[in-house]
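Enquirer: Sharing a model that was predicted from the sequence below.
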Amino acid sequence: MFYLHLSNRTENLIHQLAEVLRLDDDRDPFSPEYFLIQSQGMERMLSQNLAQRFVSWCNYEYMLPTRFFALMADRLGVESGPEEYARDRICWHLENIFRDLSPEDEKFAAVGRYVSGDTNGMKRYQLAQQLANIFDQYQIMRFAMIEGWENGKTATNNPAEVYQMELWNMLRDGIGHSRHRGRFLRDFIDILATDADHGSLLPRRLSVFGLHSLPPVLLNCLQALAAHCDVHLYLLSPCEIFWGDQLSEQVQLKKNISALRDGKQVLEQGLTSHPLLTSLSQQGREFQNMLLEDILFAGEFKSFADPLDHSKPCLLHRVQSDLLKGELTPLSVPLAKDDSVVVVSAHSPHRELMILKDRILHWLDEDPDLALKDIVVMAPDIQEYSGMIPAVFHDIPHSIADRNPAQSNPFLAVYLQFLSLCSSRFGWSEVLDLLGRKEVYPRFDIHEDELELIRHWVVSSGIRWGLSGRQKRDMGLPGKNECTWESGLDRLLMGYATAESGDVDGILPYPDIEGGMAAALGGLSFFCDLLEQAAQQFAGLHSLGEWAVLLSGFADRLFVTENNDGLVELYGVLTDLGQEYGNVHQKGVSFEVIRSWLQGAVEEKRSSAGFLRGQLTFCSMLPMRSIPFQKVCLLGLNDTVFPKNDFHPPFDLLGEKPVPGDRSRRSDDRYQFLEAILSARGSLYISYIGQSIRSNDTLPPSVVVSELLDILRVYGVDSLVDVHPLHGFSSTYFDGSGSLFSYNRQLMEVGSALHGKHDTPDPWWQGRIEGEAKDVCSVAELKSFFRNPQKYFVRDILGIHLGQQNLSVEEHEPFVLDSLQKYLVEQDMINGFLGSSEQRLLQQQVQAAGQWPLGTPGNISFSEKREELQTFVDRVATRKAFGSEEDRFLDGEFCGFHISGRMSSFYSNGSFLFRYTLLKGQDVFAAWLHHCLSAICLDDARETRLLAKDVELVFPAASATAEDLQELLSLFQRGQQTPSILMVEAVFAYAVQSAKNENGGRTAPISRAIKSVEDSLNRGFEAEWELLYQGRSADSFLEQEFIDLCDWFYESIWKRAYVSELI
């Protein structure tokens, strides 16, 4: 017998189900109870509710319709076979068939045009995928058409049907039988239609719950089954009256225009139909009509409930009540806006989540009885939010359902990343991204703290992209081996094996590789060897079975496989490739096709494991998930995103003549929105991106949201949309001026700081380090201090290493050098030329390190740079011609300090320092420090000469005194207890402008100093300066003490030097 249970509330349907089970006195506890459902979420909801009602709930089977009918057919002895017509199997069958099609066969001319020029088989595979999807639907929705194909008859005028009919018959011949799913189900119906008694083979009762649509053939299966057992259909219906004939005004107008054109009677305008019911419920209307036309029910049980009868009237309940009645109820008094329906306009998905969190906290604060399990958050595709949800809701227990396994299982994601890498250029950063995954590096005996060292090796050894010159040639590019992983690893391994600094068998050894680093270097080498082997083997064609073995083998080598449950799912997918489809398709397939198949296989597997776990639930808006919650939240209802548009390829015959029961993504989405309205018990929360994050222009919501807002305007509620600002720290959340609010204390503090009185912030560092400053130092420490006193204080005194900011190395050979790279290369080249190194060797060194362009452009630019540097090299060589002297060591008490260290750059006529750059303040201080140490500590009062790119500076002999060294040491000592006011380049700028003013200049020296500091801060070159002086203007700390220091430098140092301009 077939029974129909109707209600607008899922709880009432569950109550009816429980009563049916309770009143069954003859129920066998050892016979399972069978349920037809459409989602795992519905399964969990039913189990939880029935367990609460019966205390103990067990021995049940939840099944999808096709699986249930397959089980019943097997019990009845229906011949099997439809598994051969599964979609994935059809795909590989068709891919095989396409290979053998004759290009001269006119019937397949359209197929030939599409796959022409297919170099790797991707076009052929993609077309097979599309047709397999369509053929899969034909079996259920167009059985009569397929029957006609097998008899050589077409059903439409679409020219694509001709080749599809031929392909279907070739597919049938290849499989060996025509027992597809449609025929299988009709055989099942035919057996049930006989007079034979099948009661002993079938369950006593079948409960169909949560389905609002079924293909006609599956509905006929239920009808046939009802002749032998009880079938209970529990159907959620938004309306208590018959609404199958209600049409929207737009559809009704089209029908009337068509009727007038044909001279037929015009339909009466349905004035009483509810607009939401007519616009959102096409799927439900069609299913209701199918039930009335095709099914004879033995009994109908209705349990509709008007939400206005048992609760305080609110907007949400008014909408639900009118939907129940099927019409808009006239109101004498307009309704007031309340919190039962909340519509939010935000700027981005992240802001949507932040605003939602505040709303949830507000609900929990207002209602002590509300629990997190009473709230559900849905989105058209929750994966678009799944990466941000843990960050925003980190302090609220939550679970995320319907995620792609690649997001919930890191091993799947990493393996897909590995396959993607194997079809790429093998850029250094993407290779290290893969190696840096915690699922990968332990397999190669690499520790996490060694990853940064490996990154340093890779960048500084000149590795940029490409496994080797051979791999570049395979990509159709010049086979240059420079900047590849092979050349870089050769340098690293040669540097470990030998201490040579010059060319060894054509390889330039990489310096600074020590014995303790061998394990990390070995792991990197093994990892690159794995990539090399993968690239070579993936370049060939293999059968599906061979691919399964090959991919599984690389998974074994990429991951630690012992006691690793996360790999089970990956191995399962790869096993299916070989065992399920390997016997269907034995021909060679390219790597691109296999990667596409694996990506699709992973994306299709979605898990509802996070659904209804007693926490705040995030999930996707899936069909037939009408589960009630106190608070239903819908995110991402954006225009053009929801509802999705129906798309039928030109060769999809389903779009030729639609019939009731055909699936429509757009109708599915519309009905999901209607079910969401019905499922909300206390509040319906809707969010969409309603403002452009770039221009703040207004963006429309989804059309279904607009339709709901139109209904609310009929009730007299106009301004229902809460428009939120771009930033969560906006003052509108905290000043109480409107309806917006926030529970985020940190954002409140930020907003208060931004919108309050802006006083000059306190310095990051205040006071002094307690205790006496040390009076022991090395020459190296003094040089470091006077190079950059602020960096010295932060790094050497406080021990804070901020590292290099904005470090970015491109994944290609250098074409143009930035200023820092250019400076470093120029210094290396000058030192090499002065050391009589060959130009060829110098060029090889800088190119091997990835610091110079390759090929002919590199040769030309190197020669040009050699000519450019020659003048400076000649000047240096001339001054060095007096003969160098050995380095000297000092170790003793000088001016109250114990100074020790090594000093160099001594020549027979004095000291000589040089640097190929425009003269900087740090160069002057380095020369003066050297001059003072030589004169006072080494009793060498000869001149000190400094050569820069633009200036030659000479401190005369006997020009340094003990007082001068004492002043430097005093600055150094004070700079160990508090950040020194000695800003080297600013002091130098002050001195240069002071000298210009003596010759007629008019610019204030302090303004030059301030500009120098501000330029350094604005460009972000000095991370330590940003830390010490953040939020402060230069003139706030360059005060009289700094001016006195500048005057001392100008009078005591700069004026003592003889300065000669060279350019």
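Expert: That came through fine.

Enquirer: Helix, strand, or coil at Y685?
Expert: strand (DSSP: H, G, I helix; E, B strand; the rest coil).

Enquirer: residues contacting it?
Expert: 342, 344, 356, 359, 631-634 (CB atoms under 8 Å, 6 or more residues apart in numbering). Bear in mind the C-beta positions are built from the backbone N, C-alpha and C, glycine included.

Enquirer: swap in L946?
Expert: Contacts of L946 (CB under 8 Å, 6+ apart): 913-914, 919, 923-924, 926-927, 952-955.

Enquirer: What backbone torsions are found at it?
Expert: phi -120, psi 120 (degrees, to the nearest 10).

Enquirer: how much space is there between it and K920?
Expert: 11 Å (CB to CB, to the nearest Å).

Enquirer: Quick one: neighbours of D26, just the number.
Expert: If you count neighbours by other CB atoms under 10 Å, D26 ends up with 5.

Enquirer: how about the contacts of L946 in JSON lines, adding secondary structure, distance to S386 and pLDDT?
Expert: Output for those, formatted as JSON lines (DSSP: H, G, I helix; E, B strand; the rest coil; distance: CB to CB, whole Å; pLDDT from 0 to 100):
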{"residue": "L913", "secondary structure": "strand", "distance to S386": "59", "pLDDT": "93"}
{"residue": "F914", "secondary structure": "strand", "distance to S386": "59", "pLDDT": "91"}
{"residue": "L919", "secondary structure": "coil", "distance to S386": "57", "pLDDT": "93"}
{"residue": "D923", "secondary structure": "helix", "distance to S386": "55", "pLDDT": "94"}
{"residue": "V924", "secondary structure": "helix", "distance to S386": "58", "pLDDT": "95"}
{"residue": "A926", "secondary structure": "helix", "distance to S386": "55", "pLDDT": "95"}
{"residue": "A927", "secondary structure": "helix", "distance to S386": "60", "pLDDT": "95"}
{"residue": "E952", "secondary structure": "strand", "distance to S386": "64", "pLDDT": "93"}
{"residue": "L953", "secondary structure": "strand", "distance to S386": "63", "pLDDT": "94"}
{"residue": "V954", "secondary structure": "strand", "distance to S386": "68", "pLDDT": "94"}
{"residue": "F955", "secondary structure": "strand", "distance to S386": "66", "pLDDT": "95"}
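
Enquirer: Next, format those as CSV and append neighbour count and distance to H542.
Expert: Shown next, in CSV, are the contacts of L946 (neighbours: other CB atoms under 10 Å; distance: CB to CB, whole Å):
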residue, neighbour count, distance to H542
L913, 17, 65
F914, 22, 62
L919, 22, 65
D923, 22, 63
V924, 25, 68
A926, 20, 64
A927, 26, 68
E952, 18, 69
L953, 20, 70
V954, 20, 74
F955, 26, 75
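
Enquirer: Of the residues you listed, just say which sits nearest to N8.
Expert: N8 has its nearest neighbour among the contacts of L946 in D923, at 84.1 Å by CB to CB.

Enquirer: hey, which helix is longest across this structure?
Expert: helix 855-880 (DSSP state H).

Enquirer: buried set for that helix?
Expert: For helix 855-880, burial by neighbour count (16 or more other CB atoms under 10 Å) applies to 858, 861-862, 865, 869, 872-873, 876, 879.

Enquirer: Kindly report the same for stretch 36-51.
Expert: Buried-residue list, stretch 36-51, by 16+ other CB under 10 Å: 36-47, 49-50.

Enquirer: tell me the SS of L235?
Expert: With three-state DSSP as the criterion, L235 reads strand.

Enquirer: which residues touch it?
Expert: L235 sits next to 4-6, 13, 211-212 when contact means CB under 8 Å, 6+ apart.

Enquirer: Can you pick out the ones from these that are in strands?
Expert: Here DSSP state E is the test, and those give 4-6 as lying in strands.

Enquirer: Between those, which sits nearest G682?
Expert: For the ones in strands among the contacts of L235, the nearest to G682 is L6 (23.7 Å; CB to CB).

Enquirer: Am I right that E1014 sits in a helix?
Expert: Yes: applying three-state DSSP, one finds E1014 inside a helix.

Enquirer: excluding its backbone neighbours, what's nearest it?
Expert: Once flanking residues are discounted, E1014 sits nearest to A1034: 5.0 Å by CB to CB, 6 or more residues apart in numbering.

Enquirer: those helices in the stretch 51-200 of the chain, which residues are they?
Expert: Here the stretch 51-200 of the chain has its helices, by DSSP state H, counting those that start in this stretch, at 65-75, 87-99, 109-115, 122-141, 143-150, 160-175, 181-193.

Enquirer: what's in contact with the second one?
Expert: Outside helix 87-99, the residues that touch it by CB under 8 Å, 6+ apart are 83, 111, 115, 121, 124-125, 127-129, 131-133, 135-136, 167, 170-171, 174-175, 544, 580-581, 584-585, 587.

Enquirer: switch to 6 Å and redo it
Expert: 124-125, 128-129, 131-132, 135-136, 170-171, 174, 581, 584-585 (CB atoms under 6 Å, 6 or more residues apart in numbering).

Enquirer: Could you point out which of these is nearest to G738?
Expert: Proximity of the contacts of helix 87-99 to G738 was ranked by CB to CB; the top entry is Q129 with 51.7 Å.

Enquirer: what about that closest one, how many neighbours?
Expert: Applying other CB under 10 Å, I find that Q129 has 20 neighbouring residues.

Enquirer: how close does it get to Q790?
Expert: From Q129 to Q790 the distance is 62 Å (CB to CB).

Enquirer: Tell me the spacing between the most centrally placed residue in the chain and L432.
Expert: With distances taken as CA atoms, centre = their mean, the chain has G387 as the residue nearest its mean C-alpha position (6.9 Å). Remark: distance between G387 and L432 (CB to CB) = 21 Å.

Enquirer: cool, and C58?
Expert: Distance from C58 to L432, by CB to CB: 52 Å.

Enquirer: can you check Y792 too?
Expert: In this view, Y792 and L432 are 32 Å apart by CB to CB.

Enquirer: what angle separates the host helix or strand of A548 from helix 87-99?
Expert: Using DSSP states H and E, A548 sits in helix 544-558. Put simply, helix 544-558 runs at 120 degrees to helix 87-99, going by axes from the mean of the first three to the mean of the last three CA atoms, to 10 degrees.

Enquirer: Out of the helices of the stretch 51-200 of the chain, which one sits most buried?
Expert: Stretch with highest mean neighbour count among those: helix 87-99 (a mean of 21; mean count of other CB atoms under 10 Å).

Enquirer: Neighbours of the closest residue to A1023 other than its chain neighbours, how many?
Expert: Spatially, and ignoring its direct neighbours in sequence, A1023 is nearest to L802 (4.1 Å; CB to CB, 6+ apart). Residues within reach of L802, counting by other CB under 10 Å, total 13.

Enquirer: helix or strand for S429, which one?
Expert: Taking DSSP H and E as the criterion, S429 maps to helix 428-435.

Enquirer: list the buried ones in the helix or strand just after that helix?
Expert: Counting by DSSP H and E, the next helix or strand C-terminal to helix 428-435 is helix 451-460. Within helix 451-460, the residues that qualify as buried are 451, 454-455, 457-460, counting by 16+ other CB under 10 Å.
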